[in-house]
Structures are given as C-alpha cells and as structure tokens.
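**Q** Here is the input, now give the coordinates:
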Amino acid sequence: MTAVDGDFGRRLVTAKPWMALLVLGTGLLFSAGFVSANDSAGANAADPELVPIRPPTGRTTTADHSKFEQLQGPFSSGPEVTAACLGCHTEAASQVHGSVHWNWRYEHPTTGQTLGKRHALNNLCLGIVGSYERCASCHVGYGWRDEHFDFTAQNKVDCLVCHDRTGTYEKFPTGAGHPAYEDTMFRGRLFEAVNLAHVAQNVGQTSRETCGGCHFHSGGGDAVKHGDLDSSLLAPSRVVDVHMSPEGLDFNCSTCHEFSGHDQAGSRYLVTAAPQHGIAIPGRESDRPACQSCHGDTPHARGIHDKLNQHAGFIACQTCHVPEIARGGLATKTLWDWSSAGRRSEAGVPVVERDEDGHIVYDGMKGNFEWRENYPPVYRWFDGTMRYTEAGERIDPSRPVDINRPEGEPPRNGARGNGARIWPFKVLEGHQPYDDVHQHIVVPRLFGRDETAYWRGYDWTRAIEAGMAEALRTGQTDAGFSGSHGFVETRMYWPVTHMVAPADMALSCESCHSVGGRLAGLAGLYIPGQDRHPLIETLGWAAVLLTLLGVLGHGLMRAVMVIRRRRPQPAAHTGDGV
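**A** Numbers count the residues shown, from 1 in each chain. Presented below is the predicted three-dimensional model:
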C-alpha cells in the first residue's frame, strides 16, 4: 500500500482508483518500485540485539511460604488452603471477585451486550449452561457445580491455580474446579492426588505454566482455540516468538498482561486495536499490552518517505510481524462439526478416529474436526469491538453465521476517528445446533449426570431443552426452544497477537503488493502491485516510455556533443596576407 504524509496519504490508501490518479500521475510505477525496494531493505537490514529480561536468581518474593505454620497442613481440600492464605492476604479474595477471571461476565461498553463465558456463545463447546462442572476446570474457583454457585464466597477462590510453582497442581476435568484429592482416572489418563501442603508452601508469581494451563488448552485441548497460544510457548524458539523465547526477551505472560489488585486491564471483547498513547510511562494512561506501549508509534527506521511508519498508522503491528499462525509445531483446530457427533461402538463407547499425524479428526462426543498449522491468518478491518450473535437472536441459516465479528471500517476521505486498523485473525468454522423454527442459535446441555446431558443420552432434543431452560433461568436469553432443531454453519474470529517473529521474518512488501497478495479482497484499499486500473496503467506505462525516451534523448545529445568536441578544428586565421 502506498501512502504519503498525513491525511493526504490516508486518502490515497483508501480512495477509489480514479481519485488516486491525482497523485500517482506519470511517475507511479517508477517511484513505487524504487520506494518499496529501499524500504524493504531498510526494514530487514537491522534487527537490534535483544537483551533477555531474566528473573533474578533465587526467590523473587520477600516471604518463604514453607516457613509459615498455617501452611504446614495437612489440608483436605482447596478451600482450606484458601482460608489459610486469607489469614495474611486479607483482601486477595475480594480483589479476585472483581475480576473477569472470577465473574466470567463482561458488560460491553460499546455494544451494550452482556458477554463473558457465562453469556457468550461460541462454536467450540457452544456454551457453559448446564456444563459448569466440566467448564469450571478453567475457573479460578472451587465448587461451581450448578447455576447456584456463590460468587461472593471468599474461600471458594482458588489461589493455587495461578500461584503454584511446583508444576504439580492441576484441576480435575470434571471436578467443578477442584483438583484430584485422590488418584483418579479420566479418559485413560491418571490424575494423581495433589499434595496441597507442598503446593501451598511453594507459591509464587504467576508463570507461563499457570497461565497456559487454561489459555494454552482452552477449547478442549492444546492449541485448539487460538492458533497463536499453545504449549509451544512454554519454551519457544526465537523464530516462534521473539518475546517469549529464552533466546529472545524471555517474557512471561504478565510482562505484558499486567495485573493490579488481581485484575487485568483489557478484554478480548474490547481490544485496543489502534493504540493512541505511545510508549507506556508510569503515571500516565497507557494501552498495555499493546505493541506501541514498548515500541512507540514510529518503530521503524524512517527510510525513504518514512513508508513503514506510515503503514503502521492503518495496519496493526501483528499483521506484518505474525506471518503465520500455529508455528510452534502444534496444529490448531479450524473446523468443529457437531452435526456428525453421536457415533458409538457396540459397547456404547464414543468412537475416536485420528489422522496420520495423530490429530483427532472424529470424536463421537463432539463430531468431526479439521486441523492446520503454519498458515497465514485472515485479515479484517478492526476497531477493537467484537459484536456477538446472542442466544435467541434471529439468524439467517442459509449462510454462515458469525458467532462474533470484528467491527471496523477503513478510514474515509482521510478521516482518523474510527480507529480501525487491518488486523490478523484465526477463523474457526463450525456446524452447531439451532432452532430451525424460531431460527436462533441454541445452547445444549453437554455435560451432566442425567440423561438430559448430551454426553449421557446423546439426544440433541433433550439436551437443547435442558440447556435452553437453564439459559432462560440464568438470564442468558429470553428465547425458548420450539422442540425442533437443525445445524447451521458458523464462524468465530480470534485476534492474533502472539507468536511474533523476528524482524527479518516479517512480511515483505511483495506479500501484499502483488497479484493475489495477502490483502486481496479486503475493502477500502487500492494496493499498487495487486490492484489494476486501465487508466492508471496507461499513464504509468506512458510515464515509463517517456522516461525512457527522455533518458535516450539525453544520452543521444551527450553523445553528439562529445563527438562534436572531438572533431579536428580548422586552423585559426592570423590576419596576415596580401
């Protein structure tokens, strides 16, 4: 994309082709090629040496928890440990109660929608109503078994799930947020009983392991949901993530995702898509964890016409610096088709099928899957607002339904106010149940201990009836269920912001400035090298021809002058004679 200084450049980038004639004129092809070549070389030539920010050796806290009498145990449950923690950390539980990690609820200030895991739909496990015991394995609490969970109870806060430093603490998949208190098998895996006293005596700051225990495995398994978050980030190479690699900056999650009073700023429902505050300075408002918080608004060497920094005004950093997703050796899920679920063996066990790489491509409990790794994301204009399709909202089942969609449009006539930039996304395609009479997405009850749960009775109608009845009671929807269902194609968009590659692996100019480039089909752009316009091309080739003729003419004139100077000159007349 070619742009020039200020608002004039924005008009050029987003203008209709005929408007670009005013500025491209006769020098388009010549100047664009020259600038692109020089800027590309300048961008990739220098990659500043990275100095890892390594934690200090030894303990990083001022307290040795193994010396505290109240943590010696024995403890029979997680809430007993929490009660002991609160003896010193008196305000911790109250702080956690105010966080999205606890409430799973988010009031969107722009759309007015009530979101969070308790309310938002998805096309992975569809929704949490009726499945709390299973979903709570990623909740920072204990005992969330049903819709009557007490969100005000302080001893139900799970301190250990975020502060464990032993690597031995793990919630049991169907334990309503509790770990295994005795050795227990689950789907062929042994979960060993946790030594609560040992974990309590060895707590510390959060780590990649504690954050990743949920965020790397969200959606039902490692690398399933996001495409840029998986267990490869526990110790990635510098090529996979220059920030988190021990060979790079060696960041932890909390290096960027700062917490204050157990509450993290920002939300995936309202992303800071176009940061405005530059480098973060203590005492001033900042956009952390946005890239600009460290790198500023003009991170590139100025080069010719400061072209790369101009691009940063309407393209998110991640668009160029995360060239592919699922790059750590783990494939991410790209399709989840619930319509095919239900196949079981003669013994009643759900059928499981794998491909040649070991990925599960069919699970009788969940349907068909597709996987992909090391592939380009898709690109959309994004102003940070995610708008969700809500349970009970009328849909058009004749085409794919966006469960969520990034909002934002390209700037018009040089306008800066909408704050949209071009962002990369992972798209997860789905096929999930909907009410084919009322035409809205439904939320079935998947997990449970009676036959209304789909994973018990494998009856979609009963599971949807139970799920929608609970969704109605809990305020997720005011819609009912007609008793008839079908399956509809859906899509979800997940913003990509991790797995940042080294600078010399960023996208080249040709990745977009070429026919069929990465941004092909994205509205609001005229991209030299990709887009074509007959009049512009005619003028461009005319400019090339005129330039060539001018060079040849100039060269011819120089040659003539040289030849004339080299000719023998007639003898000078002395004036003598008769």
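**Q** so where is the stretch 351-500 of the chain shaky, pLDDT-wise?
**A** 413-418 (pLDDT under 70).
**Q** ugh, typo on my part, it should be the stretch 51-200 of the chain
**A** In the predicted model of the stretch 51-200 of the chain, residues 51-60 satisfy pLDDT under 70.
**Q** can you check the stretch 201-350 of the chain too?
**A** 284.
**Q** what ranges do the strands span in it?
**A** With DSSP state E, counting those that start in this stretch as the criterion, the stretch 201-350 of the chain has strands at 259-260, 263-264, 332-337.
**Q** Show me the helices in the stretch 151-300 of the chain, by range?
**A** Along the stretch 151-300 of the chain, the segments classed as helices by DSSP state H, counting those that start in this stretch run 160-163, 196-200, 208-215, 253-256, 292-295.
**Q** Of all the strands of the stretch 201-350 of the chain, which one is nearest residue 313?
**A** strand 263-264 (27.7 Å; Cβ to Cβ). For the C-beta atoms, the positions are set from N, CA and C on the backbone; glycine is no exception.
**Q** Residue 99: which of the strands of the stretch 201-350 of the chain is closest?
**A** The nearest among the strands of the stretch 201-350 of the chain, by Cβ to Cβ, is strand 263-264 at 4.6 Å.
**Q** just checking, what packs against the longest helix seen in the chain?
**A** Across the chain, the longest stretch assigned as helix under DSSP state H is helix 534-566. Contacts defined by 3 or more Cβ pairs under 8 Å, 6 or more residues apart in numbering; DSSP states H and E place helix 534-566 against helix 17-24, helix 28-45.
**Q** ok, back up a step: closest to residue 124 out of the helices of the stretch 151-300 of the chain?
**A** Per Cβ to Cβ, nearest to residue 124 of the helices of the stretch 151-300 of the chain: helix 208-215, 13.8 Å.
**Q** How about the contacts made by residue 89?
**A** When contacts are counted by Cβ atoms under 8 Å, 6 or more residues apart in numbering, residue 89 touches residue 159.
**Q** Next, find the distance separating it from residue 261.
**A** 12 Å (Cβ to Cβ, to the nearest Å).
**Q** any idea which strand is longest in the protein?
**A** strand 421-435 (DSSP state E).
**Q** Can you check the distance spanned by stretch 220-233, start to finish?
**A** One end of stretch 220-233 to the other measures 18 Å (Cα to Cα, to the nearest Å).
**Q** Pull the distance from that stretch to the chain's centre.
**A** Centre-to-centre, stretch 220-233 and its host chain are 11 Å apart (Cα atoms, centre = their mean, to the nearest Å).
**Q** how many other residues sit next to the residue lying closest to residue 410 once chain neighbours are set aside?
**A** Spatial nearest neighbour of residue 410, excluding adjacent residues (Cβ to Cβ, 6 or more residues apart in numbering): residue 524 at 2.7 Å. Residue 524 is flanked by 16 other residues according to other Cβ atoms under 10 Å.
**Q** Correct me if wrong, but residue 524 is in a strand.
**A** No. Using DSSP: H, G, I helix; E, B strand; the rest coil, the assignment for residue 524 is coil, not a strand.
**Q** returning to that earlier point: pick the most buried one from the strands of the stretch 201-350 of the chain.
**A** Burial of the strands of the stretch 201-350 of the chain is given as mean neighbour count (mean count of other Cβ atoms under 10 Å); strand 332-337 ranks first at a mean of 22.
**Q** Please export the C-alpha coordinates of that strand as CSV.
**A** C-alpha atoms of strand 332-337 as CSV (Å, rounded to 0.1, in the frame of the first residue of the first chain):
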residue,chain,number,x,y,z
THR,A,332,-4.8,-25.6,15.6
LYS,A,333,-8.4,-26.6,15.1
THR,A,334,-10.0,-24.9,12.1
LEU,A,335,-13.3,-26.8,11.9
TRP,A,336,-15.7,-28.3,14.6
ASP,A,337,-18.7,-30.0,13.1
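**Q** Which of the three states applies to residue 127?
**A** Secondary structure assignment for residue 127 (three-state DSSP): coil.
**Q** thought it was touching residue 443?
**A** Yes. Using Cβ atoms under 8 Å, residue 127 makes contact with residue 443 at a distance of 3.8 Å.
**Q** Identify the contacts common to those two.
**A** By Cβ under 8 Å, 6+ apart, the residues touching both residue 127 and residue 443 are 121, 391, 467, 471, 476.
**Q** What's the separation between the closest residue to residue 182 other than its chain neighbours and residue 142?
**A** Once flanking residues are discounted, residue 182 sits nearest to residue 193: 4.8 Å by Cβ to Cβ, 6+ apart. In this view, residue 193 and residue 142 are 16 Å apart by Cβ to Cβ.
**Q** out of the two, which sits in the more crowded spot?
**A** Between residue 193 and residue 142, residue 142 has the larger neighbour count (other Cβ under 10 Å), namely 24 against 11.
**Q** Provide the backbone phi and psi angles at that one.
**A** The phi and psi values for residue 142, taken as degrees, to the nearest 10, are phi -120, psi 140.
**Q** Return the residues in contact with it.
**A** 77-79, 82, 155-158, 176-178.
**Q** Residue 366: neighbour count?
**A** Residue 366 has 22 neighbouring residues, counting by other Cβ under 10 Å.
**Q** one step back: can I assume the residue nearest to residue 182 is in contact with residue 183?
**A** Yes. Between residue 193 and residue 183 there is a contact under Cβ under 8 Å: 5.4 Å.
**Q** Residue 436 contacts residue 464, doesn't it?
**A** No. Taking Cβ under 8 Å as the definition, residue 436 is not a contact partner of residue 464, at 11.2 Å.
**Q** In terms of neighbours, single out the busier of those two.
**A** For residue 436 versus residue 464, neighbours defined as other Cβ under 10 Å are more numerous around residue 464 (24 against 15).
**Q** counting contacts, what elements does the helix or strand harbouring the more buried one pack onto?
**A** Per DSSP states H and E: residue 464 is located in helix 460-474. On a contact count with 3+ Cβ pairs under 8 Å, 6+ apart, helix 460-474 meets strand 421-435, helix 454-457, strand 485-495.
**Q** Of these, which is nearest residue 285?
**A** Here strand 421-435 is closest among the helices and strands packed on helix 460-474 (Cβ to Cβ), at 19.5 Å.
**Q** would you put the C-alpha positions of that closest one in PDB?
**A** Extracted in PDB, the C-alpha atoms of strand 421-435 (Å, rounded to 0.1, in the frame of the first residue of the first chain):
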ATOM      1  CA  ARG A 421      -6.700  -1.000  11.500                       C
ATOM      2  CA  ILE A 422      -6.000  -4.100   9.500                       C
ATOM      3  CA  TRP A 423      -5.700  -7.000  11.900                       C
ATOM      4  CA  PRO A 424      -4.900 -10.700  11.600                       C
ATOM      5  CA  PHE A 425      -7.400 -13.300  12.800                       C
ATOM      6  CA  LYS A 426      -7.700 -17.000  13.100                       C
ATOM      7  CA  VAL A 427     -11.100 -18.100  11.800                       C
ATOM      8  CA  LEU A 428     -12.700 -21.200  13.300                       C
ATOM      9  CA  GLU A 429     -15.500 -22.700  11.300                       C
ATOM     10  CA  GLY A 430     -18.300 -24.600  13.000                       C
ATOM     11  CA  HIS A 431     -21.500 -26.500  12.400                       C
ATOM     12  CA  GLN A 432     -23.700 -26.200  15.500                       C
ATOM     13  CA  PRO A 433     -27.400 -26.700  16.500                       C
ATOM     14  CA  TYR A 434     -30.000 -24.000  16.100                       C
ATOM     15  CA  ASP A 435     -33.800 -23.800  16.500                       C
END
